[in-house]
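Asker: structure for the following, please:
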Amino acid sequence: MNLHRCSWANPANPKYIAYHDEEWGLPCHDELRLFEMLNLEGAQAGLSWETILNKRDNYRAAFDQWDARKIAAYGPDKVAELLANPGIVRNRLKVAAAISNAQAYLRLLDEGGSLDSLLWDYVGGKPLVNIVAKQGDRPAKTELSDRISKDLAKRGFKFVGSTIIYAYMQGIGMVNDHDQACFRHAECCQP
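Answerer: Model prediction:
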C-alpha cells in the first residue's frame, strides 16, 4: 500500500518516516514527552529536524532520559561532559538552555501547573487544524506561537522563540499541519 505523506517526510530515513507516521501532529499530553520535545526543538535551532531526530536516542541518554530534576542540578562537570559528547549538538548555549528549561519546568510544577495545561489551554484542549495543500502553506510562526513564546520566556524557558514554538506546536499536535492529502491528517484532528 502506497501511503501519501507530507512532502517534508524524507522517505530515505526510516526514523523520519516513523516520526511522521507515529508522532508528528498527534496531540500529546505526556509531560515527559512535552518537556523532551521542547528541548529538542530548541536544540534544532539553526539545524534540520532530521539531524536532531537522528540524535534523539543520544540526547535521551546524555540528559538522563529527560529527568528534569537531574538536569536542573547539572553542574560544570556534567556540562563539560555534555559538550564533549559527539552524540548531541555540542553547543554551550543549547546545553545551558536545557538546564534553564529544567529549572523553569520545575518551578511551573511547583506552582501547580504543567506543560500540558499551560500549552493546551491556549487552544482550548483541541488541535488547531490548518489547510495545507502544499509545503509553502505551513507558516513558520503565528500570532499564537508569538504569545506562547513570550509566556515561556517570561517563565524562564530558553530557546523558545516563536519559530521554534510553532515547530513545537506542530510536533506535539497543538496544530495539525499535515498535508490535506496525507493519511495522518484526519487522524490528527482528534484531541
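Asker: right, and residue 178 touches residue 170 too?
Answerer: No: between residue 178 and residue 170 there is no contact under Cβ atoms under 8 Å: 9.1 Å. C-betas here are computed from N, CA, C, even on glycine.
Asker: for these two, list the residues in contact with both.
Answerer: Common neighbours of residue 178 and residue 170, using Cβ atoms under 8 Å, 6 or more residues apart in numbering, are 24-25.
Asker: which of those two has more residues huddled nearby?
Answerer: residue 178 (27 against 23; other Cβ atoms under 10 Å).
Asker: now do the SS call for the more buried one.
Answerer: coil (DSSP: H, G, I helix; E, B strand; the rest coil).
Asker: what pLDDT is listed against it?
Answerer: Residue 178 is assigned 91 on the pLDDT scale.
Asker: what sits closest to it if chain neighbours are left out?
Answerer: Of all residues not flanking residue 178 in the chain, residue 185 sits nearest, at 4.1 Å (Cβ to Cβ, 6 or more residues apart in numbering).
Asker: can you check residue 9 too?
Answerer: residue 20 (4.0 Å).
Asker: any idea how far that neighbour is from residue 188?
Answerer: 11 Å (Cβ to Cβ, to the nearest Å).
Asker: now the strands for this protein?
Answerer: 128-129, 175-176 (DSSP state E).
Asker: what's the closest of those to residue 87?
Answerer: strand 175-176 (30.1 Å; Cβ to Cβ).
Asker: in this protein, spot the helix with the most residues.
Answerer: helix 92-110 (DSSP state H).
Asker: now do the buried residues in it.
Answerer: 94-95, 97-105, 108 (16 or more other Cβ atoms under 10 Å).
Asker: residues touching the most centrally placed residue in the chain, list them.
Answerer: Nearest to the geometric centre of the chain sits residue 37, at 3.1 Å (Cα atoms, centre = their mean). By Cβ under 8 Å, 6+ apart, the contact list for residue 37 reads 28, 168, 171-172.
Asker: same thing with residue 35?
Answerer: By Cβ under 8 Å, 6+ apart, the neighbours of residue 35 are 66, 68, 101-102, 105, 115.
Asker: pLDDT weak spots in this structure?
Answerer: 1, 134-135, 191 (pLDDT under 70).
Asker: ok, back up a step: any quick PyMOL command for the buried ones out of the contacts of residue 37?
Answerer: In PyMOL, a selection of the buried entries from the contacts of residue 37 looks like this (16+ other Cβ under 10 Å):
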select buried, resi 28+168+171+172
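Asker: could you dump the contacts of residue 37 to CSV with distance to residue 143?
Answerer: As requested, the contacts of residue 37 are exported to CSV (distance: Cβ to Cβ, whole Å):
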residue, distance to residue 143
28, 22
168, 16
171, 19
172, 19
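Asker: circling back to that earlier point, the residue nearest to residue 178 contacts residue 177, doesn't it?
Answerer: No: between residue 185 and residue 177 there is no contact under Cβ under 8 Å: 9.2 Å.
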